[in-house]
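Asker: Predicted model, plus sequence, below.
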Amino acid sequence: MRPTELNLTPLDGEPISDATRYRQLVGSLIYLTVTRLNISHAVGMVSKFMGAPRSVHYVAVLRILRYVKGTLYHGTSLVSWRSKKQDVVSRSSTKAEYRALANTTCELVWLR
């Protein structure tokens, strides 16, 4: 079963006696979603239960970790992240839209 197919509820499983480890793992996974967008949905699902995690939620976190471990060398993310200072300031919104479209096209050609 894929992590996106899990239906977790707040009352699933037994309560965890010490939730510190769960919170640490979920926090690390949240940080990892910056570069691994493919786990964002699953991490968002398990992060809902940081206040009162249960055993089923912990199992879901371990499943996400196993997935990450198994896909370490599957290449980079489909989204290219970068920031830079704006070169030109447009006076009209139409001109700004055309510039954004041209930049996006250049990025897509580069990715292809």
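Answerer: Great, that's in hand.
Asker: what sits up against stretch 19-28?
Answerer: 16, 43, 46-47, 50, 52-53, 57-58, 61, 65 (CB atoms under 8 Å, 6 or more residues apart in numbering). C-beta: built from backbone N, CA, C; applies to glycine.
Asker: hmm, 6 Å instead?
Answerer: 16, 46-47, 50, 53, 58, 61 (CB atoms under 6 Å, 6 or more residues apart in numbering).
Asker: for this structure, what spans make up the helices?
Answerer: 20-32, 40-47, 55-70, 93-111 (DSSP state H).
Asker: And the ones you listed: which comes nearest residue 87?
Answerer: helix 93-111 (9.1 Å; CB to CB).
Asker: in the closest one, what's buried?
Answerer: In terms of neighbour count (16 or more other CB atoms under 10 Å), helix 93-111 has no buried residues at all.
Asker: I'd like the average pLDDT over that helix.
Answerer: Averaged over helix 93-111, pLDDT sits at 86.
Asker: which strands and helices sit next to it?
Answerer: Under the contact definition 3 or more CB pairs under 6 Å, 6 or more residues apart in numbering; DSSP states H and E, helix 93-111 sits against no other helix or strand.
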